[in-house]
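Engineer: below is the sequence, then the predicted model.
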Amino acid sequence: MSTAVESTGGAGVALRAQALGKRYRSKWALRECTFELPAGRVAALVGANGAGKTTLMTVLAGLLDADEGSAGAAGRVAFVSQEKPVYRHFTAADMLRLGARLNVVWDEARARRWLARFEVPLDRACGKLSGGQASQVAFALAIGSRPDVLMLDEPLAALDPLARREVTAELLGEVGETGMTVLLSTHVVAELSGVADYLLLLAHGRLLAGGDLDELLERHVSYTGPRSDVPPALGGIVEARHTGNQSTFLVELPEGQPRPVVAGPWVERPPTLEDYVLAQLEATRKGARG
Ligand SMILES: Nc1ncnc2c1ncn2[C@@H]1O[C@H](COP(=O)(O)OP(=O)(O)OP(=O)(O)O)[C@@H](O)[C@H]1O
(Lines give C-alpha, C1' and ligand atoms only; values in the text may rest on other atoms or scores of the structure.)
Protein backbone atom coordinates (compact mmCIF):
# COMPACT_ATOMS: atom_id res chain seq x y z
CA MET A 1 0.00 0.00 0.00
CA SER A 2 2.91 2.39 0.46
CA THR A 3 3.89 4.45 -2.56
CA ALA A 4 7.10 4.43 -4.58
CA VAL A 5 6.44 7.87 -6.05
CA GLU A 6 8.74 10.64 -4.88
CA SER A 7 8.03 12.98 -1.98
CA THR A 8 6.07 16.13 -2.87
CA GLY A 9 8.91 18.24 -1.56
CA GLY A 10 6.60 21.20 -0.97
CA ALA A 11 5.33 22.21 2.44
CA GLY A 12 1.63 21.56 2.80
CA VAL A 13 1.32 19.67 -0.48
CA ALA A 14 -0.17 16.18 -0.17
CA LEU A 15 -0.17 15.12 -3.82
CA ARG A 16 1.64 16.61 -6.77
CA ALA A 17 1.56 15.85 -10.47
CA GLN A 18 3.92 17.56 -12.87
CA ALA A 19 3.20 17.15 -16.59
CA LEU A 20 2.14 13.62 -15.76
CA GLY A 21 1.42 11.33 -18.69
CA LYS A 22 0.55 7.66 -19.04
CA ARG A 23 -0.24 5.73 -22.18
CA TYR A 24 -1.44 2.22 -22.87
CA ARG A 25 0.35 1.19 -26.07
CA SER A 26 -0.05 4.22 -28.33
CA LYS A 27 -3.14 5.65 -26.60
CA TRP A 28 -2.63 8.34 -23.97
CA ALA A 29 -4.87 7.77 -20.94
CA LEU A 30 -3.39 10.73 -19.07
CA ARG A 31 -1.59 13.73 -20.56
CA GLU A 32 0.15 16.86 -19.24
CA CYS A 33 -1.55 16.57 -15.91
CA THR A 34 -0.25 19.18 -13.48
CA PHE A 35 -1.65 20.04 -10.05
CA GLU A 36 -0.80 20.34 -6.38
CA LEU A 37 -3.34 19.13 -3.85
CA PRO A 38 -2.91 20.91 -0.50
CA ALA A 39 -2.75 18.69 2.58
CA GLY A 40 -5.87 18.16 4.66
CA ARG A 41 -8.27 18.55 1.74
CA VAL A 42 -11.05 16.25 0.55
CA ALA A 43 -10.70 16.32 -3.20
CA ALA A 44 -13.20 15.01 -5.72
CA LEU A 45 -11.73 13.52 -8.86
CA VAL A 46 -14.43 13.58 -11.51
CA GLY A 47 -14.69 12.92 -15.22
CA ALA A 48 -16.61 10.87 -17.75
CA ASN A 49 -16.04 7.13 -18.18
CA GLY A 50 -12.55 6.61 -19.54
CA ALA A 51 -11.39 10.13 -18.62
CA GLY A 52 -8.32 8.75 -16.82
CA LYS A 53 -9.33 8.86 -13.14
CA THR A 54 -8.24 5.32 -12.26
CA THR A 55 -5.05 5.75 -14.27
CA LEU A 56 -4.19 8.96 -12.39
CA MET A 57 -4.82 7.39 -8.98
CA THR A 58 -2.87 4.25 -9.84
CA VAL A 59 0.12 6.32 -10.95
CA LEU A 60 -0.12 8.55 -7.84
CA ALA A 61 -0.23 5.43 -5.68
CA GLY A 62 2.98 4.24 -7.29
CA LEU A 63 1.37 1.09 -8.70
CA LEU A 64 1.84 2.14 -12.32
CA ASP A 65 4.83 3.95 -13.82
CA ALA A 66 4.19 7.21 -15.63
CA ASP A 67 5.48 7.59 -19.19
CA GLU A 68 5.96 11.33 -18.81
CA GLY A 69 6.36 13.81 -15.99
CA SER A 70 6.50 13.07 -12.30
CA ALA A 71 4.21 12.37 -9.37
CA GLY A 72 4.72 13.03 -5.69
CA ALA A 73 2.99 12.15 -2.45
CA ALA A 74 3.65 13.33 1.09
CA GLY A 75 3.92 10.52 3.61
CA ARG A 76 2.16 7.19 3.50
CA VAL A 77 -0.48 6.59 0.87
CA ALA A 78 -3.36 4.12 1.00
CA PHE A 79 -5.24 3.34 -2.18
CA VAL A 80 -8.53 1.44 -2.36
CA SER A 81 -9.08 0.41 -5.95
CA GLN A 82 -12.43 0.09 -7.68
CA GLU A 83 -12.39 -3.69 -7.16
CA LYS A 84 -12.31 -3.24 -3.34
CA PRO A 85 -9.77 -6.02 -2.82
CA VAL A 86 -10.66 -8.48 -0.05
CA TYR A 87 -9.93 -12.20 0.13
CA ARG A 88 -13.14 -14.17 -0.37
CA HIS A 89 -12.28 -16.88 2.16
CA PHE A 90 -11.03 -14.47 4.83
CA THR A 91 -13.43 -13.09 7.41
CA ALA A 92 -13.40 -9.36 8.16
CA ALA A 93 -11.47 -10.23 11.36
CA ASP A 94 -8.89 -12.14 9.26
CA MET A 95 -8.56 -9.12 6.99
CA LEU A 96 -7.86 -6.92 10.02
CA ARG A 97 -5.15 -9.37 11.16
CA LEU A 98 -3.68 -9.14 7.65
CA GLY A 99 -3.82 -5.35 7.88
CA ALA A 100 -1.92 -5.46 11.16
CA ARG A 101 0.77 -7.65 9.54
CA LEU A 102 1.14 -5.73 6.28
CA ASN A 103 1.12 -2.13 7.47
CA VAL A 104 3.97 -0.26 9.14
CA VAL A 105 1.42 1.71 11.13
CA TRP A 106 -1.78 -0.01 12.24
CA ASP A 107 -4.65 1.38 14.26
CA GLU A 108 -6.80 -1.66 15.09
CA ALA A 109 -9.34 0.35 17.09
CA ARG A 110 -9.92 2.72 14.21
CA ALA A 111 -10.42 -0.14 11.72
CA ARG A 112 -12.79 -1.97 14.09
CA ARG A 113 -14.72 1.20 14.78
CA TRP A 114 -15.34 1.62 11.04
CA LEU A 115 -16.66 -1.95 10.71
CA ALA A 116 -18.85 -1.58 13.80
CA ARG A 117 -20.20 1.72 12.50
CA PHE A 118 -21.39 -0.01 9.33
CA GLU A 119 -22.50 -3.18 11.14
CA VAL A 120 -20.22 -5.48 9.17
CA PRO A 121 -20.03 -8.94 10.84
CA LEU A 122 -16.44 -9.76 11.78
CA ASP A 123 -16.86 -13.54 11.57
CA ARG A 124 -18.33 -13.95 8.08
CA ALA A 125 -16.19 -14.76 5.03
CA CYS A 126 -15.82 -11.69 2.81
CA GLY A 127 -17.15 -13.74 -0.12
CA LYS A 128 -20.43 -14.02 1.79
CA LEU A 129 -20.73 -10.32 2.55
CA SER A 130 -22.77 -8.01 0.35
CA GLY A 131 -20.86 -5.87 -2.15
CA GLY A 132 -21.34 -2.82 0.05
CA GLN A 133 -20.17 -4.67 3.19
CA ALA A 134 -17.08 -5.98 1.37
CA SER A 135 -16.33 -2.36 0.38
CA GLN A 136 -16.52 -1.40 4.05
CA VAL A 137 -13.91 -4.05 4.89
CA ALA A 138 -11.57 -2.55 2.27
CA PHE A 139 -12.21 0.95 3.67
CA ALA A 140 -11.60 -0.23 7.25
CA LEU A 141 -8.25 -1.66 6.21
CA ALA A 142 -7.24 1.59 4.55
CA ILE A 143 -8.44 3.70 7.50
CA GLY A 144 -6.62 1.39 9.95
CA SER A 145 -3.33 1.96 8.17
CA ARG A 146 -3.55 5.64 9.22
CA PRO A 147 -2.43 7.01 5.85
CA ASP A 148 -1.37 10.59 5.28
CA VAL A 149 -3.10 10.42 1.91
CA LEU A 150 -6.12 8.21 1.29
CA MET A 151 -7.12 7.58 -2.31
CA LEU A 152 -10.45 5.91 -3.00
CA ASP A 153 -11.49 4.90 -6.50
CA GLU A 154 -15.30 5.01 -6.72
CA PRO A 155 -15.85 4.44 -2.99
CA LEU A 156 -19.57 5.13 -3.19
CA ALA A 157 -20.38 2.83 -6.12
CA ALA A 158 -21.56 -0.28 -4.23
CA LEU A 159 -23.28 1.63 -1.44
CA ASP A 160 -26.95 2.42 -0.89
CA PRO A 161 -27.86 6.15 -0.65
CA LEU A 162 -27.87 6.15 3.16
CA ALA A 163 -24.52 4.34 3.36
CA ARG A 164 -23.07 6.83 0.87
CA ARG A 165 -24.04 9.70 3.13
CA GLU A 166 -22.69 7.89 6.17
CA VAL A 167 -19.39 6.99 4.48
CA THR A 168 -18.78 10.55 3.35
CA ALA A 169 -19.64 11.84 6.84
CA GLU A 170 -17.31 9.29 8.45
CA LEU A 171 -14.54 10.22 6.03
CA LEU A 172 -14.93 13.88 6.99
CA GLY A 173 -14.73 12.83 10.64
CA GLU A 174 -11.48 10.92 9.94
CA VAL A 175 -10.04 13.93 8.12
CA GLY A 176 -10.97 16.15 11.06
CA GLU A 177 -9.37 13.78 13.57
CA THR A 178 -6.23 12.78 11.71
CA GLY A 179 -5.57 15.62 9.26
CA MET A 180 -5.20 13.16 6.38
CA THR A 181 -5.84 14.16 2.78
CA VAL A 182 -8.49 12.34 0.75
CA LEU A 183 -8.72 12.03 -3.01
CA LEU A 184 -11.80 10.20 -4.18
CA SER A 185 -13.13 9.55 -7.64
CA THR A 186 -16.86 9.42 -8.16
CA HIS A 187 -19.71 9.75 -10.61
CA VAL A 188 -22.22 10.67 -7.89
CA VAL A 189 -21.16 14.28 -7.72
CA ALA A 190 -24.28 15.59 -5.99
CA GLU A 191 -23.39 13.61 -2.89
CA LEU A 192 -20.05 15.36 -2.54
CA SER A 193 -21.63 18.76 -1.85
CA GLY A 194 -20.49 19.76 1.60
CA VAL A 195 -17.92 16.95 1.59
CA ALA A 196 -15.34 17.80 -1.07
CA ASP A 197 -13.56 21.15 -0.82
CA TYR A 198 -11.28 20.65 -3.82
CA LEU A 199 -11.98 19.55 -7.37
CA LEU A 200 -9.93 17.81 -10.05
CA LEU A 201 -11.89 17.46 -13.28
CA LEU A 202 -10.46 15.22 -15.98
CA ALA A 203 -11.57 15.05 -19.60
CA HIS A 204 -9.95 12.81 -22.18
CA GLY A 205 -6.91 12.33 -19.95
CA ARG A 206 -6.32 16.02 -19.40
CA LEU A 207 -6.99 18.16 -16.36
CA LEU A 208 -9.82 20.47 -17.40
CA ALA A 209 -10.23 22.27 -14.08
CA GLY A 210 -8.69 22.01 -10.68
CA GLY A 211 -8.65 23.99 -7.51
CA ASP A 212 -10.45 25.09 -4.40
CA LEU A 213 -14.11 24.28 -4.91
CA ASP A 214 -15.55 27.43 -3.31
CA GLU A 215 -13.26 29.63 -5.41
CA LEU A 216 -14.14 27.71 -8.55
CA LEU A 217 -17.88 27.98 -7.95
CA GLU A 218 -17.65 31.65 -6.93
CA ARG A 219 -16.17 32.45 -10.33
CA HIS A 220 -19.28 31.04 -12.02
CA VAL A 221 -22.92 32.17 -12.19
CA SER A 222 -26.02 30.49 -13.53
CA TYR A 223 -28.47 32.82 -15.31
CA THR A 224 -32.02 31.86 -16.26
CA GLY A 225 -34.24 34.14 -18.31
CA PRO A 226 -36.11 34.64 -21.59
CA ARG A 227 -34.85 32.75 -24.60
CA SER A 228 -31.66 34.39 -25.81
CA ASP A 229 -28.50 33.54 -27.73
CA VAL A 230 -26.35 35.40 -25.24
CA PRO A 231 -26.25 35.59 -21.44
CA PRO A 232 -27.15 38.85 -19.67
CA ALA A 233 -23.55 39.46 -18.56
CA LEU A 234 -20.11 39.16 -20.09
CA GLY A 235 -18.06 36.05 -19.42
CA GLY A 236 -17.07 32.69 -20.79
CA ILE A 237 -20.11 30.57 -21.59
CA VAL A 238 -19.52 27.12 -20.10
CA GLU A 239 -23.00 25.90 -20.98
CA ALA A 240 -26.09 27.25 -22.75
CA ARG A 241 -29.40 25.42 -22.50
CA HIS A 242 -32.63 26.44 -24.21
CA THR A 243 -36.07 25.02 -23.50
CA GLY A 244 -39.24 26.54 -25.01
CA ASN A 245 -39.00 30.26 -24.31
CA GLN A 246 -36.38 30.00 -21.58
CA SER A 247 -32.57 30.02 -21.66
CA THR A 248 -30.09 29.05 -18.95
CA PHE A 249 -26.40 29.92 -19.08
CA LEU A 250 -23.53 28.87 -16.89
CA VAL A 251 -21.01 31.67 -17.18
CA GLU A 252 -17.43 31.97 -15.98
CA LEU A 253 -17.02 35.55 -14.82
CA PRO A 254 -14.02 37.49 -16.12
CA GLU A 255 -11.20 37.66 -13.58
CA GLY A 256 -10.41 40.88 -11.75
CA GLN A 257 -13.67 42.63 -12.64
CA PRO A 258 -16.55 43.60 -10.37
CA ARG A 259 -19.39 41.11 -10.25
CA PRO A 260 -21.98 42.09 -12.87
CA VAL A 261 -25.44 43.15 -11.74
CA VAL A 262 -28.16 41.78 -13.99
CA ALA A 263 -31.66 43.19 -14.25
CA GLY A 264 -34.90 41.21 -14.31
CA PRO A 265 -36.34 39.18 -15.91
CA TRP A 266 -33.00 37.37 -15.61
CA VAL A 267 -32.51 35.44 -12.39
CA GLU A 268 -29.03 34.55 -11.22
CA ARG A 269 -28.00 31.86 -8.77
CA PRO A 270 -24.74 30.29 -7.69
CA PRO A 271 -24.11 26.95 -9.43
CA THR A 272 -23.92 23.78 -7.39
CA LEU A 273 -21.01 21.40 -7.72
CA GLU A 274 -23.26 19.17 -9.83
CA ASP A 275 -24.30 22.06 -12.13
CA TYR A 276 -20.67 22.94 -12.69
CA VAL A 277 -19.40 19.40 -13.28
CA LEU A 278 -22.29 18.41 -15.59
CA ALA A 279 -21.84 21.58 -17.63
CA GLN A 280 -18.11 20.97 -18.02
CA LEU A 281 -18.62 17.31 -18.95
CA GLU A 282 -21.31 18.21 -21.47
CA ALA A 283 -19.05 20.86 -23.01
CA THR A 284 -16.16 18.39 -23.41
CA ARG A 285 -18.49 15.76 -24.87
CA LYS A 286 -19.73 18.25 -27.47
CA GLY A 287 -16.14 19.27 -28.12
CA ALA A 288 -15.14 15.65 -28.67
CA ARG A 289 -17.98 15.18 -31.14
CA GLY A 290 -16.60 18.17 -33.01
N1 LIG B 1 -4.96 -1.71 -18.83
C2 LIG B 1 -5.34 -0.94 -19.85
N3 LIG B 1 -4.97 -1.22 -21.11
C4 LIG B 1 -5.32 -0.42 -22.13
N5 LIG B 1 -6.07 0.69 -22.01
C6 LIG B 1 -6.49 1.01 -20.77
C7 LIG B 1 -6.15 0.22 -19.63
N8 LIG B 1 -6.70 0.81 -18.53
C9 LIG B 1 -7.36 1.90 -18.98
N10 LIG B 1 -7.23 2.03 -20.31
C11 LIG B 1 -7.78 3.13 -21.14
O12 LIG B 1 -7.30 4.36 -20.60
C13 LIG B 1 -8.32 5.35 -20.59
C14 LIG B 1 -8.53 5.84 -19.14
O15 LIG B 1 -9.08 4.76 -18.38
P16 LIG B 1 -9.38 4.91 -16.81
O17 LIG B 1 -9.78 3.57 -16.31
O18 LIG B 1 -8.22 5.58 -16.17
O19 LIG B 1 -10.63 5.92 -16.84
P20 LIG B 1 -11.66 6.27 -15.68
O21 LIG B 1 -11.83 7.76 -15.73
O22 LIG B 1 -11.24 5.69 -14.39
O23 LIG B 1 -12.99 5.56 -16.20
P24 LIG B 1 -14.29 4.99 -15.41
O25 LIG B 1 -15.04 6.19 -14.93
O26 LIG B 1 -15.04 4.29 -16.50
O27 LIG B 1 -13.82 4.10 -14.33
C28 LIG B 1 -9.54 4.69 -21.21
O29 LIG B 1 -9.57 5.04 -22.59
C30 LIG B 1 -9.30 3.21 -21.05
O31 LIG B 1 -9.91 2.49 -22.09
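Structural biologist: Done, it's in.
Engineer: for residue 61, which non-adjacent residue is spatially closest?
Structural biologist: Ranked by Cβ to Cβ, 6 or more residues apart in numbering and with sequence neighbours excluded, the top spatial neighbour of residue 61 is residue 79, at 3.8 Å. C-beta: built from backbone N, CA, C; applies to glycine.
Engineer: neighbours around that neighbour, how many?
Structural biologist: Other residues near residue 79 come to 21 when the count uses other Cβ atoms under 10 Å.
Engineer: the one helix or strand it maps to and the ligand, are they touching?
Structural biologist: Using DSSP states H and E, residue 79 maps to strand 77-80. No: for strand 77-80 and the ligand, the contact criterion (Cβ under 6 Å from any ligand atom) is not met; the two come no nearer than 13.1 Å.
Engineer: report all helices and strands that the very next helix or strand once past that strand contacts.
Structural biologist: As assigned by DSSP H and E, the chain's next helix or strand after strand 77-80 is helix 92-102. Counting contacts by 3 or more Cβ pairs under 8 Å, 6 or more residues apart in numbering; DSSP states H and E, helix 92-102 packs against helix 108-117, helix 131-144.
Engineer: just say helix, strand or coil for the closest residue to residue 270 other than its chain neighbours.
Structural biologist: Using Cβ to Cβ, 6+ apart and skipping the chain neighbours, the partner closest in space to residue 270 is residue 217 (6.3 Å). Secondary structure, DSSP: H, G, I helix; E, B strand; the rest coil: residue 217 is helix.
Engineer: was I right about residue 217 contacting residue 276?
Structural biologist: Yes: proximity of residue 217 to residue 276 meets the contact threshold set by Cβ atoms under 8 Å, at 6.2 Å.
Engineer: so for those two, which sits in the more crowded spot?
Structural biologist: Comparing residue 217 with residue 276 by other Cβ under 10 Å, the one with more neighbours is residue 276, at 26 against 16.
Engineer: wait, that one sits on residue 218?
Structural biologist: No: between residue 276 and residue 218 there is no contact under Cβ under 8 Å: 10.9 Å.
Engineer: next, the contact list for the residue nearest to residue 61, please.
Structural biologist: Residue 79 makes contact with 1, 57-58, 60-61, 63, 142, 151-153, according to Cβ atoms under 8 Å, 6 or more residues apart in numbering.
Engineer: then residue 221?
Structural biologist: The contact partners of residue 221, by Cβ under 8 Å, 6+ apart, come to 233, 235, 250-251, 253, 268-271.
Engineer: run the last query once more with 10 Å
Structural biologist: Residue 221 is in contact with 231-233, 235, 249-253, 259-260, 262, 268-271, counting by Cβ atoms under 10 Å, 6 or more residues apart in numbering.
Engineer: where does it land in three-state SS?
Structural biologist: What three-state DSSP gives for residue 221 is strand.
Engineer: can you point out the buried residues in stretch 183-203?
Structural biologist: Applying a neighbour-count criterion of 16 or more other Cβ atoms under 10 Å, the buried positions in stretch 183-203 are 183-186, 189, 191-192, 195-203.
Engineer: show me the shaky parts of the protein.
Structural biologist: Within the chain, the stretches with pLDDT under 70 are 1-11, 286-290.
Engineer: that'll do, ta.
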